[in-house]
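1. need a 3D model of the following:
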Amino acid sequence: MSLPNDPKDTEHKVSCPPEELLIDAEDDGTPEAAPRPQRTWLLLLGLVLVAINLRPALSSLSPLLNTVRDGTGLSAAAAGLLTTLPVLCLGLFAPLAPMLARRLGAERTVLLILFTLAGGIVLRSLFPVAGLFLGSLVAGASIGIIGVLLPGIVKRDFPHIAGTMTGVYTMALCLGAATAAGSTVPLAKLMDNSWQLALAFWAIPAVVAAVIWLPQTRQNHHAHRAVYKVKGLWRDPLAWQVTLYMGLQSSLAYIVFGWVPSILIDRGLSAVEAGLVLSGSVMVQLFSALAAPWLATRGKDQRIAVVIVMGLTLAGLLGLLFAPLSGIWGWAVVLGLGQGGTFSIALALIVLRSPDAHVASNLSGMAQGVGYTLAACGPFLVGVVHDVTGGWAATGVIFVVVTVAGIVFGLGAGRDKLVQVKSEHV
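-> Residues are numbered from 1 along each chain as shown. Below you'll find the model as predicted:
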């Protein structure tokens, strides 16, 4: 996917004092040879394994949430906070990624944070309540940091197939989420019905990924230490429309991760069945995550695509909430098609609305930092509303309001325009 570069397509010009700097893993415009053949396969394997580990800490908890609540006495509001906390950390800790990468290098930072991710996952199982919240915080912070660094590494080491590699990266995310959602409850049953051991299990793939990633820490990328600054991004209306669309669609995604299994269990499914429905829905995202951006770029802009994928997402959510259980798998497929498209289009909009790679990097940081912080409100609000009403029907209002707001900002972000900012070499 190429970056647009016509300055005539920009929005009105604004300026702002804050300046964003590129992290060392991001493209600085300096040509560099592709990774040596003997290590390309190892780099690719490492990237896939790291990406697979960026969702199990989030999706493994939700199928067991009712069991965890029974074992710890958590209220629905407290459980909502538990599902919200790691999502909030995705946004709050994202700004640490550039600082750590400049000090340690992107590869060493990823290695270090993989071990903190594994530690956070284990910590969730060590103490009844405090460990759950503290471990979720550590895991969420770790995911937020790695999530900022990986796209830059992909862009740097695979510049000529960055679009394809981004698709592989997205598919690995979905695969990790689906695997954890579908297998955590069966794991608990195999482990003498211990939800603690089932949750702690997901530290093992993180450690394996760290071992496979270790050779990458020996690579030097001094050609990419050039520093750029981007001015005006935080006061550009189009940048905020992209950011808010990212946040609102992410809010629906993390509501699904956090609460859909509980909703389905209360509607009559077993914990295993609920986990499999979530897993199946996420697996469907693999197809729309690849297809939606390609289809969206065939037309003049992305506004129609935004409406379609957000509409599918809302239909799937309302179907899971209200439709007869006999058709639950059909609604899970609809939801998966919608959410795979909303996420991949959100990533595509960051690129399409940016005049160059440096602006794209900073817009990505803004969209993730602010967007994920906004997204964290969704799961918490669902928990509070469920606590107050004692049921799930009122959450349908939340689904509708968030979807409509996402469509509004998505229509703005989907226009054929560029953000009006400058990137300068310093």
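2. quick one: low-confidence ranges for the stretch 101-250 of the chain?
-> In the prediction, the stretch 101-250 of the chain carries residues with pLDDT under 70 at positions 155, 162-164, 166-167, 220-228.
3. need the next SSE after the helix or strand encompassing residue 125, C-terminal direction.
-> Secondary structure from DSSP states H and E places residue 125 in helix 106-126. Scanning forward in sequence from helix 106-126 by DSSP H and E, the next helix or strand is helix 130-157.
4. now that next one: buried residues?
-> Burial within helix 130-157, assessed by neighbour count using 16 or more other C-beta atoms under 10 Å, is assigned to 131-157. Glycine gets a C-beta too; all of them are placed from N, C-alpha and C.
5. what of stretch 94-101?
-> 94, 97-98, 100-101.
6. just send those back as a markdown table, with distance to residue 66 too.
-> As requested, these are arranged in a markdown table below (distance: C-beta to C-beta, whole Å):
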| residue | distance to residue 66 |
| --- | --- |
| 94 | 31 |
| 97 | 34 |
| 98 | 39 |
| 100 | 37 |
| 101 | 39 |
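7. okay, now residue 103: neighbour count?
-> 10 (other C-beta atoms under 10 Å).
8. distance of it relative to residue 47?
-> Here residue 103 is placed at a distance of 22 Å from residue 47 (C-beta to C-beta, to the nearest Å).
9. immediately after the longest helix along the chain, which helix or strand?
-> Among the segments of the chain that qualify as a helix by DSSP state H, the longest is helix 237-267. Scanning forward in sequence from helix 237-267 by DSSP H and E, the next helix or strand is helix 271-296.
10. relative to helix 237-267, how tilted is that following helix?
-> With axes from the mean of the first three to the mean of the last three C-alpha atoms, to 10 degrees as the basis, helix 271-296 and helix 237-267 are set at 150 degrees to each other.
11. helices or strands next to helix 271-296 in the packing?
-> Helix 271-296 is packed against helix 162-190, helix 237-267, helix 303-322, helix 328-352, with contacts defined by 3 or more C-beta pairs under 8 Å, 6 or more residues apart in numbering; DSSP states H and E.
12. what's the angle from that helix to helix 328-352?
-> With the same axes, to 10 degrees defining the directions, helix 271-296 sits at 40 degrees from helix 328-352.
13. buried sites along helix 271-296?
-> Within helix 271-296, the residues that count as buried by 16+ other C-beta under 10 Å are 271-290, 292-293, 295-296.
14. what angle sits between that helix and helix 162-190?
-> Between the direction of helix 271-296 and that of helix 162-190, the angle (the same axes, to 10 degrees) works out to 170 degrees.
15. for helix 271-296, what is the average pLDDT?
-> Over the span of helix 271-296, the pLDDT mean works out to 87.
16. got the angle for that helix vs helix 303-322?
-> Using the same axes, to 10 degrees: helix 271-296 against helix 303-322 is 170 degrees.
17. and the gap between residue 418 and residue 339?
-> 27 Å.
18. now residue 364
-> Using C-beta to C-beta, one gets 20 Å for the distance from residue 364 to residue 339.
19. so for these two, which residue has more residues nearby?
-> A side-by-side neighbour count of residue 364 and residue 339, using other C-beta under 10 Å, places residue 339 first with 28 against 24.
20. pretty sure that one is touching residue 251, no?
-> No. Counting by C-beta atoms under 8 Å, residue 339 stays clear of residue 251, with 11.4 Å between them.
21. now stretch 374-394, how far from the centre of its chain.
-> The chain centre lies 20 Å from the centre of stretch 374-394; the measure is C-alpha atoms, centre = their mean, to the nearest Å.
22. buried ones in it?
-> The neighbour-count check on stretch 374-394 (16+ other C-beta under 10 Å) flags 374-383, 385-386, 392 as buried.
23. which among the residues you listed gets closest to residue 314?
-> Distances from residue 314 to those, taken as C-beta to C-beta, are shortest for residue 378 (13.5 Å).
24. what's the closest non-adjacent residue to that closest one?
-> Counting by C-beta to C-beta, 6 or more residues apart in numbering, the nearest residue to residue 378 once its immediate chain neighbours are dropped is residue 251, at 3.4 Å.
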